[in-house]
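*Asks:* the following comprises the amino acid sequence and a computationally predicted model.
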Amino acid sequence: MQIAKRFCQSGRFSPAGLLGVGAVSAALVLGAGGLPAQAQEGQNGSVTASWQQHRTTFNYIGISPRYSCQGLQESLTYLLQSSGAQLNRPVIAYPCNGGGPTSLPSANLDFSTLQAAQGDQGSGSVNGVWRHVEFSMNRSSPQLHGSDCELVQEFKDKLLPMFSTRNVSSNLHCIPHQTIGNQFHLSFDVLAPVNGAHHPGGAN
């Protein structure tokens, strides 16, 4: 998808600035590290876990870029799913401006994340593994661009606490009203389902 279809910078930017969007990456690889006390790892590296549902409204307050509804929906879907979340319903953004960019859009989110099980969960237990997730400027990715820096920062602050994580590291240098010079690197280990297993039953 072309950048112009996903978002549009405000009139305060020069045409040269609009052409300067940097290449970025979002890579998902396996990782390891120290375990939280409540997450006991089995002999095969798996962790007994259960799904926790989250229903929330995500209010994007970043200055640049200005997202269309489709652009925000696609970017949030990518961030959530790359981090091991299961969507109970598609991400729905609003208000929509005839397919064009809108100021301060919001999105209704309904997703589930794995949480380390507390005691015997019976048939509701799921085998989870720790996976390393990295969103950074160091590799090319069609899903994220340099101007997505503020969105990555808001994802870290507002949504990442809903995941079971460890070893969170971030270096976010977002410059409002700029399409170049933004730098972001966010990495963490997240408790994710083995082999991408879906949770049963969907939304409650």
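*Replies:* Yep, it's here. Residues are numbered from 1 along each chain as shown.
*Asks:* which of the helices and strands in this structure ranks last by mean pLDDT?
*Replies:* helix 15-18 (a mean of 32; mean pLDDT, DSSP states H and E).
*Asks:* check contacts around the closest residue to residue 174 other than its chain neighbours.
*Replies:* Nearest non-adjacent residue to residue 174, counting by CB to CB, 6 or more residues apart in numbering: residue 149, 3.9 Å away. C-beta here means a position set from N, CA and C on the backbone, and glycine is covered the same way. Counting by CB atoms under 8 Å, 6 or more residues apart in numbering, residue 149 makes contact with 172-175, 182-184.
*Asks:* now the strand ranked longest in the chain: buried residues?
*Replies:* Assignment by DSSP state E gives strand 47-59 as the longest strand of the chain. Of all the residues in strand 47-59, those buried under the rule 16 or more other CB atoms under 10 Å are 47-51, 53, 58.
*Asks:* same question, stretch 131-144
*Replies:* Residues of stretch 131-144 classed as buried: 131-137, 141, 143-144 (neighbour count, 16+ other CB under 10 Å).
*Asks:* quick check: mean pLDDT of it?
*Replies:* What stretch 131-144 shows for mean pLDDT is 80.
*Asks:* now stretch 99-118
*Replies:* Computed over stretch 99-118, the average pLDDT equals 91.
*Asks:* other SSEs contacting the top helix by length along the chain?
*Replies:* Ordering each helix of the chain by length in residues (DSSP state H) puts helix 69-82 first. Contacts defined by 3 or more CB pairs under 8 Å, 6 or more residues apart in numbering; DSSP states H and E place helix 69-82 against helix 3-6, strand 25-30, strand 86-87, strand 92-94, strand 106-116, strand 126-136, helix 149-154.
*Asks:* I'd like these as CSV, with distance to residue 165 appended.
*Replies:* Converted to CSV, these look like this (distance: least, CB to CB, whole Å):
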stretch, distance to residue 165
helix 3-6, 27
strand 25-30, 14
strand 86-87, 16
strand 92-94, 25
strand 106-116, 10
strand 126-136, 9
helix 149-154, 15
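*Asks:* show me the shaky parts of the protein.
*Replies:* Along the chain, the parts satisfying pLDDT under 70 run over 1-45, 119-124, 138-141, 178-179, 196-204.
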